[in-house]
Every structure is written in structure tokens, then in C-alpha cells.
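> fold the following, please.
(chains A and B)
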Amino acid sequence: MTRVRVTAPRGMKAGSTTAGSATPGNGTGGSALTAARSAAASREAAEESDAGQVFVRSLIRSQLRLGVVVAAGFLLILAAFPLMLGLVPGLAESTIMGLPFDWVLLGAGIYPVVGLSAWLYLRTAARNESRYRDLVGDK
Amino acid sequence: MNPAVAIAAFAAVSLATAGIGFYGLRISRTTGDFYVASRTVRPWWNASAIGGEYLSAASFLGVAGLILLSGTDALWFPVGYTAGYLMLLLFVAAPLRRSGAYTIPDFTEARLDSRVVRSVTSVVVVIVGWLYIVPQLHGAALAIRITTGLPAWVGMVAVVVVVCVTVVAGGMRSITFVQAFQYWLKLTALAVPILFIVFVLADSGTAAVAEASANPTGAAPAGLYQNISLLVALLFGTLGLPHVLVRFYTNPDGQSARRTTLIVLGLLSVFYLFPTAYGLIGRVFAPHLAQSGQADALVLLLPGELIGGMAGDLLSALVVAGAFAAFLSTTSGLVVSLAGVISQDLFGGSVQGFRRAAVISAVVPLGIASMTGSLALAGSVGMVFAFTASTICPVLLLGIWWRGLTDAGAIAGMVTGAVLCGGAMLAGAWLSPGGTPAWLAQPAAWTVPAAFAVMVLVSRATRGRVPRTITRLMTRLHTPERPLVTER
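Next up is the predicted model:
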């Protein structure tokens, strides 16, 4: 693999990237946009190389695994709510602050679980992506 | 209820909607503006707009009505509507934004490199959109009839006219502001009256809400199969709703699409507490509405029933305004996304074409709605979710996560899902409502796996048709945007 220096106007942070097919901005008319575009193109080329694809595939796998795990956990808790009401005698008939317990559980209690699952997912997904960025050397 | 109050409430909402729409007209100028608001909408605005668009007649009126009728079984509806967004966040939000497509057909065409897939997806999206607009118009008809005594068609026509004017004038940019405004209006319109009601009830010393298990209609509770099938439909149906998906393109990047979804989940969770409260209180204090077949009007009638006089009228006006905000926002969201699809496929994607397509998208369901009778609102919307879950959801999920999907597999799966689920819907409508067996009334539990299975099997059999661009596409869908390059 050859290292290609992407030319850019002074002050524009283009940096050097590992790529074979990056086309440097054509000397005189290289605007900031062209530089940015060719930088993006070179990253694309790097990602499509065999080594790049190993990282990409592992990112996809970890994001999918994360989604499935969070979804499964959420569905388990969801299924546990009616099971609990059915199996624990007297629970469905009990009241909280004058409200029937089964209504409070299904009508309000599930939403915090949804929110918590979403928040956990968001954090971990962002972490997976920043790890990928580190691997491919993106700033 | 005083008809003049209801008409004034409707007029106020329509004027506010049109007003914000025209304000938006001065900002949106290019085709890109019309479709996706140039992708520069802030997460909070965007999340409010998504909430505003998503909370339809089914959520505003139907959920409370269904809770009144069938008690805790109906609580699965709001739970499913919310949890569907969780699935959207987990599997679709960021990759779909990164695909850079404007509409679902754009996505499937790019992913599978096939014009035929695009056409099939477009047809499915248009069917889903029209099926979803119909219950909104039924809701409007019901609201107008109950609150003003005017003929039902006035409500439908009024909604279609206001939506057409707003969308034709401003496109997506103004729609974003309109929708965001309408989320908060809907929330206020449910929250303020119910708080008044709770105070009045607490003041008069009737804290007998624990009697909610009383069953006003004596209908049998839903079985385990029905609850599971309903949850499948709602969890996976949300993924494929066209007006929900188009919203994700207005986020600047994948991570902000995720953040927006998180905020949406919060907004939905807060919102659904209120229809639940209406249903619970209605079950105890207004069971006669269920017996007289007016369950869907519970939210509209409860403030007048429990709080009389001037205060009751004002609170009723607020609820009516919220209900019309629900009809208008969901309908306009659907019309925008349908118009996007129709205009790109039929009119070459020009701004003129978008306007013409918007009118088509709104007028056809008006025809369907005036020819069909209204079922329970939450139930008929549930059927639309089952249909999307069996058609668009498999193609999106497999398209995003499985390299092996082919154009032939996608088409076969979508057609299978559409035929099975559509057939079940038609058969259910043909049989008498009481005589429909559970597996026809709630088909999602078998149509969704069937669509997935056909899609996978046919893709496996046509392995050679996996597009050659797959590596680049998967990379684009799943890798974070490069921070230096700001896409516009």
C-alpha cells in the first residue's frame, strides 16, 4: 500500500491517509471541498481493502450483537411482568396509592425499562464506533 | 358539548398549523428543503416532530377507548407503540441515516441495485401510507360528529384540505415545526384536563379507582396468542412506517439519529401515561360510553362528563384541539412521505411534482375512508402495523444486517408478507367481527416469520444475485461518519 499525500490549501486539515486510489486535488483549483472529498474517498478505499474489511465486519458484528442482546433483555423483562402478575397470588389485586398494581406495572412501570435499555444501547454503540475510529486511525 | 366551542378549537388548530406552514415557506426553497429539511434540524426539534407525527388518532383517542373496553389487555398497545421505537433505535436508526437515502424505496434500490425492488417497495409504502391515513380520517369523522353534530364527512374533508394546504405550501421544513408544535399541543391537551379531573375526583372524596377491574362490556379477555401477535406487529411494524423513517434523514449523522430516537422514547413514555389514565378513570366513572359504543370518544367526552359548566367546556375544547392536532400531524407526515415516494417515481422528483403527488396522497385515502365504516381506531391501526411488519420490516432488517439479501429474495418476501397479511385482513373484514378466529384477527405472529423465511430462502437460492457493491454499501451503513467532512 502506498501513502498518498492529499494536497489542500494551507490551514485546511487534510492529513495523509493510507490509500492507493486517492486523487489529489488538481494543484491550482484544489478547494477545501475537493480536499475533504478526496480524503473521504481515500478513507473509503482504505475501508474496502482486506484489512479494512476485517475491522468493518467486526464493527457490524458487535453492533448487531449489542442490538440483539438489548432487545432480548428487554423482551425478557417485558414477558416477566405478566408472568409475575399471573404467578404471584394476590399481586394483581393489590394496590399502590389507591391504584391497582397490575395497571401501574403495565401502564407505567415498563417505560423506565424502555428508557434504560435505550440509554445503555446508545452508550455502548457509541463506544463501539469510537473503538473502530481508533482502529482505522480516524481523528 | 357546545358545538361552537369544538368548531373554534378545530379552527384554531388549523390556523396555527397553516400559519407555521406558511412561515416555513419563506425558508424552504430547493427540492432538498422540501424533502428533508436540508438535514439541519436540531435533535430536540426533530424528536418533538417525530413524537408529534407518530402520535396519531389511534394513540390520542384509540388507546383510551380500547382500555375502556378491554382493560389491562389494551395496555399492550401503548407499550408496543413505545417499544417499537426501541427496536427502531437498536436496529435501524443509525444505519438508515447513514445510507443517505431520502425514502424507503431509495434505500432498497441502493442496497439491492435493482429498479424492480424499488417499484415493489414503492407500491408497498404507498399501500401502508394509505391504510394508515384512513383511520386518521375516521377519527376526524368521529370527533366532528360527536362534538359538533355536523355530518361525519365534514371532519374528513377538513383534515385533508388543511393537510394539503400545509404540505403544498411548505414541504418538510415547515412540517417539522408544525409537528413539533403538535406534539406539545397533544400532550397539553391530554394532561391539563386529566389533572383537573383527578383534582375534582380527589376533592369529592371518590378515590375508588381500584375498582378498574370491573368489565363494562363483558367481552372475553384476549388470549395469550393475541397479545403476543399484537406485540410482534407493534414491535416490528414501527420499523417500517414510512413517515417515521423519513424523519431520520433530517438528522445530521448516525449518532445524532440515535440521540433523537432516545429523546423520542422519553417523549412517548410521558405521553402514553395520559391515555392510560383516561382509560382507567373512564372504566370506573364512565362505563356507559363502552356500552353505547362510543369508547373511542372517551377522551373527548370525559372532561364534559366529570366536570360540568364553563370549565368542562373549556377543557373539552382543549381535548378537541389536541385530537385534531393528532389527525393533522399524522396525516401530514404520511402525506409528505408518500408524496416523496410518488413524486420521485412518477414525476421525476421536482417541486411541482411533489405538490401534485401530495394532493394525490391525501385524496385517495379520503375516498377509501368515506366508503368504509370505522372500526375501533387502535385496532385498525394495529392492522397497519401488522402489514408493515410483514413487508417493509424484513427487507429493512435483512438489508441492513445481512449481506446475503438479493433482489429476488426481497421481492419474494415482501410479496409473501403482503399477500398473507392482506389476505388475513380481507378475510377478517369479510367474516363478521365477532366470528374472526384469533389467527386471522392478529396475523402478525405467523405472517412476519413467513415473510422473513421466504426472503432468506429465496436469497439463498439466488446467491449469485448479491450486488457487487455490497462491501462498499455495508461499510457505509455501519461505519461512523468522518467528523471532518460535513455533508450537506
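> where along the stretch 251-400 of chain B do the helices fall?
B:254-285, B:287-291, B:298-306, B:309-346, B:351-371, B:377-401 (DSSP state H, counting those that start in this stretch).
> least confident of those, on average?
By mean pLDDT, the lowest-scoring of those turns out to be helix B:287-291, with a mean of 77.
> give the buried residues for that one.
Neighbour-count burial for helix B:287-291 flags B:287, B:289, B:290 (criterion: 16 or more other Cβ atoms under 10 Å in any protein chain shown). The C-beta positions use only the backbone N, C-alpha and C, and glycine is treated the same way.
> for stretch B:395-413, same thing?
For stretch B:395-413, a neighbour-count test (16+ other Cβ under 10 Å) marks B:395-401, B:405-413 as buried.
> can you check stretch B:157-165 too?
B:157, B:158, B:159, B:160, B:162, B:163, B:164, B:165.
> returning to what we had before: which one of the buried residues of helix B:287-291 sits closest to chain A?
Set against chain A, the nearest of those by Cβ to the nearest Cβ is residue B:287 (15.6 Å).
> return the distance of stretch B:233-253 from the chain's centre.
Offset of stretch B:233-253 from its chain centre (Cα atoms, centre = their mean, to the nearest Å): 10 Å.
> with stretch B:51-58 instead?
6 Å.
> contact partners of it?
Stretch B:51-58 has contacts (Cβ atoms under 8 Å, 6 or more residues apart in numbering or on different chains) with B:77, B:81, B:85, B:132, B:135-136, B:138-140, B:178-184, B:186, B:241, B:243-244, B:247, B:264, B:267-268, B:271, B:323, B:325-327, B:329-330, B:332-333, B:377-378, B:380-382.
> how much space between residue B:325 and chain A?
Note on residue B:325: its distance to chain A, by Cβ to the nearest Cβ, to the nearest Å, is 22 Å.
> how does chain A divide up, domain by domain?
Per the record, chain A has its domains at A:3-48, A:50-136, by automatic domain parsing.
> quick one: end-to-end length of the longest one, please.
The reference is to domain A:50-136. 13 Å (Cα to Cα, to the nearest Å).
> stretch A:91-108 too?
Stretch A:91-108 has an end-to-end distance of 16 Å (criterion: Cα to Cα).
> separation between the closest residue to residue A:108 other than its chain neighbours and residue A:107?
Nearest non-adjacent residue to residue A:108, counting by Cβ to Cβ, 6 or more residues apart in numbering or on different chains: residue B:273, 6.0 Å away. Residue B:273 sits 7 Å away from residue A:107, going by Cβ to Cβ, to the nearest Å.
> between the two, point out the one with more neighbours.
When residue B:273 and residue A:107 are compared for neighbours, residue A:107 comes out ahead with 24 against 15, by other Cβ atoms under 10 Å in any protein chain shown.
> thought residue B:278 was touching the more buried one, still the case?
No. Using Cβ atoms under 8 Å, residue A:107 makes no contact with residue B:278, being 11.2 Å away.
> who does whatever helix or strand residue B:200 lives in touch, helix- and strand-wise?
Assessed by DSSP states H and E, residue B:200 sits inside helix B:152-203. In terms of contacts (3 or more Cβ pairs under 8 Å, 6 or more residues apart in numbering or on different chains; DSSP states H and E), helix B:152-203 is packed against helix B:3-25, helix B:31-36, helix B:43-54, helix B:115-148, helix B:254-285, helix B:298-306, helix B:309-346, helix B:351-371.
> just the pLDDT for the closest residue to residue B:113 other than its chain neighbours.
Of all residues beyond its chain neighbours, the one nearest residue B:113 is residue B:467 (3.9 Å), with distances taken as Cβ to Cβ, 6+ apart. In the prediction, the pLDDT value recorded for residue B:467 is 86.
> how many neighbours does residue B:467 have?
For residue B:467, using other Cβ under 10 Å, the count is 17.
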